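Chemist: show me the folded form of this:
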Amino acid sequence: MSGVQTIRVGGDEGEQRLDRWLKKKFPQLGQIAIEKLCRTGQLRVDGGRVKPATRIEAGQEVRVPPLPDAAPARPKSDGPRIPDADAKMIQAAVLWKDEHIIALNKPPGLPSQGGSGQGDRHVDGLTAALMFGFKDRPKLVHRLDKDTSGVLLLARTDRVARALSEAFRSRTTRKIYWAAVAGVPNPRMGTIRFGLVKAPGHGRGGEGEKMIAVHPRDIDKTEGAKRATTDYAVLDALGTRASWCALVPITGRTHQLRAHMAELGHPIVGDGKYGGSGQENLGDGWGAQLGGEISRKLHLHARSISFDHPITKKRITLIAPLPDHMARTWKTLGWHENDVPDDPFADVE
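Modeler: Below is the predicted model of the structure:
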């Protein structure tokens, strides 16, 4: 049993929950024990009572009461062993890295995290293969849908993870997606402002949930509806049958781009959830399937991301090549990546 300790929060340890900070310092402490210590006033920060979710700041002093000794240390494990094929796959997906950040070109079909119906194979579960000599696994700071490919950022330290998460919340990052959609939106450049509300799925764990578009005038009176904004621009088209669009999510709602394009009547190719063949839309009623040699996989790709590096403060822009199925579609339809600007919205007032 240890004695009473007073521990000063380190300069790189601020802006995190007290319970998470304690678990790193004292692995033998469980959540229930931490809640009890807070409830009884035995845990204090700068002399004051706190809750487990209290955010601590660098320089604060945490009073820790006597604690049971830690159990004998076990050999460090990075979780279940990752199959060699999966380790090679996720390492091959590395688009860019430095000492602080890793950027992946996430393959389509690979979930970002585990969850209902996602199984055990996902980016978050493969991060042990992305340590590259660091002592800790990199951490996801945002997500992409399972079937969406493209740029995905991971932070290599807690400090950088907090900074990047804040950048996403404050919208100082800029993400541009590419999509093939049924038909051609008119006008060819615009902004979609339909709100979104979640409709529950049919599975035991809520699998199959779907976002329903809500007209802007009805958002405030629709329970659970959230405002959502997407900029779009048509980059090229195949007559009136299909078009190549750039999409910028101003907000970051679940399935936002997919639901917004479907609401316009131009569902994303391969999107069975929001553009099934039975749906009436301005793509002449084929829904999300173009047929012929066009893949039935989702044609939505996080093409680029721009952000201010939390450490160097430089503006970083990363571009991810198209996945194989989209590259084949582009070739079939005669669309060429080098014929369009990296940011078609850059000169728009």
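Chemist: so where do the helices sit in the stretch 51-200 of the chain?
Modeler: 84-92, 158-169 (DSSP state H, counting those that start in this stretch).
Chemist: of those, flag the one that's most buried.
Modeler: helix 158-169 (a mean of 18; mean count of other C-beta atoms under 10 Å). Every C-beta, even on glycine, is put in place using the N, C-alpha and C of the backbone.
Chemist: can I get the CA coordinates of that helix in PDB?
Modeler: Extracted in PDB, the C-alpha atoms of helix 158-169 (Å, rounded to 0.1, in the frame of the first residue of the first chain):
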ATOM      1  CA  ASP A 158      -1.700  12.100 -27.000                       C
ATOM      2  CA  ARG A 159      -0.700  15.700 -27.500                       C
ATOM      3  CA  VAL A 160      -1.000  15.600 -31.200                       C
ATOM      4  CA  ALA A 161      -4.200  13.600 -31.000                       C
ATOM      5  CA  ARG A 162      -5.800  16.400 -28.900                       C
ATOM      6  CA  ALA A 163      -4.600  19.100 -31.300                       C
ATOM      7  CA  LEU A 164      -5.800  17.400 -34.400                       C
ATOM      8  CA  SER A 165      -9.200  16.500 -32.800                       C
ATOM      9  CA  GLU A 166      -9.600  20.200 -31.900                       C
ATOM     10  CA  ALA A 167      -8.700  21.200 -35.500                       C
ATOM     11  CA  PHE A 168     -11.500  18.900 -36.800                       C
ATOM     12  CA  ARG A 169     -14.000  20.400 -34.300                       C
END
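Chemist: tell me the centre residue of this structure?
Modeler: residue 143 (1.4 Å; C-alpha atoms, centre = their mean).
Chemist: what sits closest to that one if chain neighbours are left out?
Modeler: Distances taken as C-beta to C-beta, 6 or more residues apart in numbering place residue 112 nearest to residue 143, at 4.0 Å, with adjacent residues excluded.
Chemist: thinking again about what came up before, wait, the residue nearest to the centre of the chain sits on residue 106?
Modeler: No. Applying C-beta atoms under 8 Å, one finds residue 143 not in contact with residue 106, separated by 9.5 Å.
Chemist: what sits in contact with each of those two?
Modeler: 112, 152 (C-beta atoms under 8 Å, 6 or more residues apart in numbering).
Chemist: re the thing from before, contact partners for the residue nearest to residue 143?
Modeler: 106, 122, 123, 124, 140, 143, 144, 145, 146, 152.
Chemist: any weak-confidence spans in the stretch 51-200 of the chain?
Modeler: 69-80, 115-119, 200 (pLDDT under 70).
Chemist: what about the strands in it?
Modeler: Counting by DSSP state E, counting those that start in this stretch, the stretch 51-200 of the chain has these strands, from start to end: 55-56, 61-64, 94-97, 101-106, 139-140, 149-155, 174-182, 189-192, 195-199.
Chemist: just the C-alphas of the longest one, formatted as PDB.
Modeler: Only the C-alpha atoms of strand 174-182 are listed here, as PDB (Å, rounded to 0.1, in the frame of the first residue of the first chain):
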ATOM      1  CA  ARG A 174     -10.200  20.900 -45.200                       C
ATOM      2  CA  LYS A 175     -11.300  17.600 -46.700                       C
ATOM      3  CA  ILE A 176     -12.200  17.100 -50.400                       C
ATOM      4  CA  TYR A 177     -13.900  13.900 -51.500                       C
ATOM      5  CA  TRP A 178     -14.300  12.600 -55.000                       C
ATOM      6  CA  ALA A 179     -17.400  10.700 -56.000                       C
ATOM      7  CA  ALA A 180     -19.100   9.300 -59.100                       C
ATOM      8  CA  VAL A 181     -22.800  10.000 -59.000                       C
ATOM      9  CA  ALA A 182     -25.800   9.000 -61.100                       C
END
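Chemist: helices and strands around it, which ones?
Modeler: Packing partners of strand 174-182 (3 or more C-beta pairs under 8 Å, 6 or more residues apart in numbering; DSSP states H and E): strand 242-249, helix 256-264, strand 300-308, helix 324-333.
Chemist: of the helices of the stretch 51-200 of the chain, which is nearest residue 67?
Modeler: helix 158-169 (22.6 Å; C-beta to C-beta).
Chemist: angle of that closest one against strand 101-106?
Modeler: If you take axes from the mean of the first three to the mean of the last three C-alpha atoms, to 10 degrees, helix 158-169 sits at 60 degrees to strand 101-106.
Chemist: what's in contact with helix 158-169?
Modeler: In contact with helix 158-169 (C-beta under 8 Å, 6+ apart) are residues 12-13, 15-16, 100-101, 139, 141-142, 153, 155, 173, 252, 307-308, 310-311.
Chemist: among these, name the buried ones.
Modeler: 13, 15-16, 100-101, 139, 141-142, 153, 155, 173, 307, 310 (16 or more other C-beta atoms under 10 Å).
Chemist: can you put those in CSV and add distance to residue 54?
Modeler: Output for the buried ones among the contacts of helix 158-169, formatted as CSV (distance: C-beta to C-beta, whole Å):
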residue, distance to residue 54
13, 14
15, 12
16, 10
100, 27
101, 28
139, 21
141, 23
142, 25
153, 28
155, 23
173, 28
307, 29
310, 24
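Chemist: quick one: residues contacting the nearest residue to residue 173 once chain neighbours are set aside.
Modeler: Distances taken as C-beta to C-beta, 6+ apart place residue 307 nearest to residue 173, at 4.3 Å, with adjacent residues excluded. Taking C-beta under 8 Å, 6+ apart, we find residue 307 in contact with 153, 164, 167, 172, 173, 174, 315, 316.
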